[in-house]
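1. just coords:
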């Protein structure tokens, strides 16, 4: 037997049980052994009955005192009871519909029971606890693994199957595949693969489990680093991209009503250097910047250079609202420069789509701005030289590649510029986008106002409504809700509690504001004299565009929304952002929403409404109140939550959204990440193809890792 043996090859696993394992993604022995526990029960810490309060979950070593008795209840359920004791007191053990236990528990026998202790009126009881007999000379495990399961599959079966697989491999002398050379194991103090797998499933103690886990974390990060480093080295070998020698921006800059910031000038220079690179290597650059840092003008400068050099540009945005906004801003600028732009989205009419496709195909249209509609197979370019995608965390590699393929059909690799308005700590950006060079806009244009942020609970509702009225009368207001309808739990981009680490119990107690019901209540009951609008992701594009147009024209004074307005929306007259159930959002997303205000001359505010008493939620929200610096917020988000909030939630396609979802690793561990990349660079410097015998295991693991990341 080896790692590739099918799960059904194990004794006791027939066709029906195979189906259960398949539903967990376990098809062979390797996947079984890499199906790690989600937690461990600490059964080694034995508690005293007399000293343990009601509701405590733990281990109790007790001796059976009475013979088990089975009774039939009115609902035809069977209940088996007996009394056991320890040195401090006695306890009644209760088992439902398990009459067979009366043949297991005999007076005088000693067992370790694990479960919840109930204490009522001085009497103690445990209901259906886990039990293990105390056998002389045999030590019971202190830590017991708890595995992720599926319906029909028990902990007992999963544990026994894992033990059987491991023991069979050892008995047959199987050499567990080690991806690390011996010097790497020694250098970083890593457990060998066989020992690490054993300790994960059959732990000696908590310290050893942690050491085993770190081996697999480093293993995954190392393979990830190898893949990204190989990709980056391959990109730097060169290519057949158009060399854009003419990078003179004089005419372009003359038309701008402002001067570029130092960060913008630096980033544009880096982009221009990439575009004019004489070796034909295509630009592959990430432009990361805080909210309002001026990424769009950098993109516009890039497009201008492309067109000046006889190429076409494609600018893809994640939403129709943002694509339309980009078009409205850039078309005015480019029209003055004699550059033709077109807007192509899902709601573009069929006749207009045909006209645009024809114009792009013959080169009459220089720049196309749009959404996923740009991926339409009917859209072909005469000479596509530059692809820009806005909001990297919404577009995956496949979508970027799909657009890039359109350029290759015309004989060249396009230059690629990726923009992310989610401020990403530079250290994380270098990891997540290891195939990209990184430019950072780390300063805001002069005159950009800070937004005062306050955290309030429901007791402030009346005062808040007064504040909304005041600001809606003179300016405009956004109110963001976590859901569209009452019955929903979360909507686009929203991260649920179980993802953020908050308690599920707290999630269940919190009543969520829905956009639809709140908009109706505000218009009919609270602000009948003020125009209230509603926008959310379930509305048709034409309706969303109409609502946004009315808001931009000040016809709507209060806009109730979901996170559909999170990115890029620019209405300078909006001065107040109210976020309901703010605890349901991550820091970076809250910062994005706050960035919709503070764009005009008037003082702006952000009010976070949350009745959550959870410590983690409160800590997160207080960070928002303490700073407007997106990079500080991103660092705090990374520290508190991990990298999850840089990507959409479970409703989105994880891989398509650009998210990195490891089995074991966490991108928060920057020290380990750095070591993984250092080791990968060291290995690749002497074996770029990973063809040496000591590196073949790592290459195979890397290929499996990236295949899983792409298909997850």
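-> Arrived safely, thanks for sending. Bear in mind that the values here come from a model prediction, so they are computed numbers and not experimental data. Residues are numbered from 1 along each chain as shown.

2. Angles on the backbone of residue 221, please.
-> phi -70, psi -40 (degrees, to the nearest 10).

3. Next one: it from residue 180, what distance?
-> Separation of residue 221 from residue 180 (CB to CB, to the nearest Å): 12 Å. For every residue, glycine as well, the C-beta is placed using N, CA and C.

4. which parts of stretch 680-695 are buried?
-> Using 16 or more other CB atoms under 10 Å as the test for burial, stretch 680-695 gives 680, 683-684, 690, 694-695.

5. same question but for stretch 248-261, I mixed them up
-> Within stretch 248-261, the residues that count as buried by 16+ other CB under 10 Å are 249, 252-253, 260-261.

6. Also stretch 669-682?
-> In stretch 669-682, counting by 16+ other CB under 10 Å, buried: 669, 672-673, 675-677, 679-680.

7. Repeat that for stretch 9-25.
-> 10, 13, 17-18, 20-21, 24.

8. And it, end to end?
-> Separation of the first and last residues of stretch 9-25 by CA to CA, to the nearest Å is 16 Å.

9. same deal with stretch 27-43?
-> OK, stretch 27-43 end separation, CA to CA: 31 Å.

10. Distance from the chain centre to that stretch, please.
-> 23 Å (CA atoms, centre = their mean, to the nearest Å).

11. related to what we said a few turns ago, keep only those of the buried residues of stretch 9-25 that are in strands.
-> Per DSSP state E, strands hold no members of the buried residues of stretch 9-25.

12. Tabulate the buried residues of stretch 680-695 in JSON lines, adding columns for pLDDT.
-> Shown next, in JSON lines, are the buried residues of stretch 680-695 (pLDDT from 0 to 100):
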{"residue": "680", "pLDDT": "92"}
{"residue": "683", "pLDDT": "92"}
{"residue": "684", "pLDDT": "92"}
{"residue": "690", "pLDDT": "92"}
{"residue": "694", "pLDDT": "89"}
{"residue": "695", "pLDDT": "91"}
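
13. In helices, which of those residues fall?
-> Among these, the residues falling in helices (DSSP state H) are 680, 683-684, 694-695.

14. Determine which two of those are furthest apart.
-> Pairwise distances across those peak at 14.1 Å for 680 and 694 (criterion: CB to CB).

15. Check which helix or strand the closest residue to residue 436 other than its chain neighbours maps to.
-> Leaving aside its sequence neighbours, residue 436 sits nearest to residue 286 (CB to CB, 6 or more residues apart in numbering; 4.2 Å). Using DSSP states H and E, residue 286 sits in strand 284-289.

16. Give me the distance from that strand to the chain's centre.
-> Worked out by CA atoms, centre = their mean, strand 284-289 lies 19 Å from the chain centre.

17. Parallel or antiparallel, list what pairs with it.
-> Note on strand 284-289: by DSSP bridges, its sheet partners are strand 415-420 (parallel), strand 437-441 (parallel).

18. Specify the angle between the following helix or strand past that strand and strand 284-289 in degrees.
-> Following strand 284-289 in sequence order, the next helix or strand is helix 295-308 (DSSP H and E). Per axes from the mean of the first three to the mean of the last three CA atoms, to 10 degrees, the angle that helix 295-308 makes with strand 284-289 is 150 degrees.

19. Residues in contact with helix 295-308: which ones?
-> 244, 246-249, 252, 256, 260, 264, 267-268, 271-272, 275, 287, 289, 312-313, 315, 326, 329-330, 333-334, 337, 339, 366-367, 385-386, 388, 390, 415, 417, 419, 421, 439, 441 (CB atoms under 8 Å, 6 or more residues apart in numbering).

20. packing partners for whatever helix or strand comes next after that helix?
-> The helix or strand immediately downstream of helix 295-308 is strand 312-316, counting by DSSP H and E. With contacts taken as 3 or more CB pairs under 8 Å, 6 or more residues apart in numbering; DSSP states H and E, strand 312-316 sits against helix 295-308, helix 320-336, strand 367-370, strand 384-390, helix 397-408.

21. and residue 467, which of the ones you listed is closest to it?
-> Closest among these, using CB to CB: helix 320-336, at 26.4 Å.

22. Can you verify residue 106 is assigned to a strand?
-> No. Assignment of residue 106 by DSSP: H, G, I helix; E, B strand; the rest coil gives coil, placing it outside any strand.

23. Could you measure from it over to residue 97?
-> 21 Å.

24. Residue 372 too?
-> Taking CB to CB, one finds residue 372 at 54 Å from residue 97.

25. Same check on residue 517?
-> Residue 517 is 44 Å from residue 97, by CB to CB.

26. burial count for residue 523?
-> 18 (other CB atoms under 10 Å).

27. domain parsing for this structure?
-> With automatic domain parsing as the criterion, the domains of the chain are listed as 1-39+158-175, 44-140, 176-237+669-712, 250-441, 451-646.

28. Let me have these in JSON lines, extended by distance to residue 146.
-> JSON lines is the format used below for those (distance: least, CB to CB, whole Å):
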{"stretch": "domain 1-39+158-175", "distance to residue 146": "5"}
{"stretch": "domain 44-140", "distance to residue 146": "11"}
{"stretch": "domain 176-237+669-712", "distance to residue 146": "12"}
{"stretch": "domain 250-441", "distance to residue 146": "31"}
{"stretch": "domain 451-646", "distance to residue 146": "16"}
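
29. can you tell me which of these comes nearest to residue 148?
-> Taking CB to CB, domain 1-39+158-175 is the member of the domains of the chain nearest to residue 148, at 5.1 Å.

30. what's the spacing between residue 708 and residue 464?
-> The span separating residue 708 from residue 464 equals 47 Å under the rule CB to CB.

31. Comparing these two, which residue is more hemmed in?
-> Taking other CB under 10 Å, residue 708 and residue 464 do not tie; residue 464 has more neighbours (18 against 14).

32. what about that one, is that helix, strand or coil?
-> Going by three-state DSSP: residue 464 is helix.

33. just residue 90 next, same as before
-> Applying three-state DSSP to residue 90 yields a three-state assignment of strand.

34. How about the contacts made by it?
-> By CB under 8 Å, 6+ apart, the contact list for residue 90 reads 49, 65, 83-84, 124.

35. Next, count neighbours for residue 67.
-> For residue 67, using other CB under 10 Å, the count is 11.

36. Does it touch residue 80 like I think?
-> No. Residue 67 is beyond contact range of residue 80, at 10.7 Å (criterion: CB atoms under 8 Å).

37. Need the overlap of contacts for the two.
-> Common contacts of residue 67 and residue 80 (CB under 8 Å, 6+ apart): residue 102.

38. ok, back up a step: neighbour-wise, which of residue 372 and residue 97 wins?
-> Ranked by neighbour count (other CB under 10 Å), residue 372 and residue 97 place residue 372 first, with 19 against 13.
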